[in-house]
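>>> structure of the sequence below:
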Amino acid sequence: MSVVLSALADPTRRAILAQLALKGDVPVKELAKPFRISLPAVSRHLAVLETAGLISRGREAQWRPARLEAAPLRDVSDWVEHYRRFWEMRFDRLDSYLHQLQKKEKGNARKRRRK
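Down below sits the predicted model:
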């Protein structure tokens, strides 16, 4: 999972994955269009994504289309989901505590007004 998270850390690689999710199989030249980087730079990004298992590359005639492979993303999603539940429980506890403080503060404010 470290290799996948490392690959996802780069915004260009995340944008490439987004293109693949929308368009399906895409050749390198088309993937490079939105970026101000060279084709070799895009190829290096693709190599990182391929090493992480996030894409696969085929061969059709003279071009090698890239294809999104979602399984590693599912693994990351499952891992993150565990921590999302953890933080939701923490935030729910904090919310309850803040409501208790607000009730206490309202009670104290009423007592001060009565005096």
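>>> distance from stretch 98-114 to the middle of the chain?
42 Å (C-alpha atoms, centre = their mean, to the nearest Å).
>>> what do you get for stretch 89-108?
So, by C-alpha atoms, centre = their mean, the centroid of stretch 89-108 is 32 Å from its chain's centroid.
>>> could you give me the average pLDDT of that stretch?
For stretch 89-108, the per-residue pLDDT values average out at 91.
>>> ditto for stretch 14-29
In this model, stretch 14-29 carries a mean pLDDT of 93.
>>> may I see the buried residues of that stretch?
Residues of stretch 14-29 classed as buried: 16-17, 19-20, 25-26, 28 (neighbour count, 16 or more other C-beta atoms under 10 Å). Every C-beta, even on glycine, is put in place using the N, C-alpha and C of the backbone.
>>> how is the chain divided into domains?
With domains defined by automatic domain parsing, the chain comprises 2-69, 71-115.
>>> re earlier: and which of the buried residues of stretch 14-29 is nearest to F86?
Proximity of the buried residues of stretch 14-29 to F86 (C-beta to C-beta) peaks at L17, which lies at 26.2 Å.
>>> tell me which helix or strand the closest one sits in.
Here L17, judged by DSSP states H and E, is contained in helix 11-23.
>>> beyond that helix, next helix or strand please.
Trace forward from helix 11-23 with DSSP H and E and the next one is helix 28-32.
>>> quick one: distance of that next one to the chain centre.
Averaged C-alpha coordinates place helix 28-32 at 22 Å from its chain's average position (C-alpha atoms, centre = their mean).
>>> quick one: list the elements packing against it.
Counting contacts by 3 or more C-beta pairs under 8 Å, 6 or more residues apart in numbering; DSSP states H and E, helix 28-32 is packed against helix 11-23, helix 39-51.
>>> export these to a markdown table and tack on distance to A109?
Supplementary listing: those in a markdown table, determined by distance: least, C-beta to C-beta, whole Å:
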| stretch | distance to A109 |
| --- | --- |
| helix 11-23 | 49 |
| helix 39-51 | 58 |
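>>> all set now, cheers.
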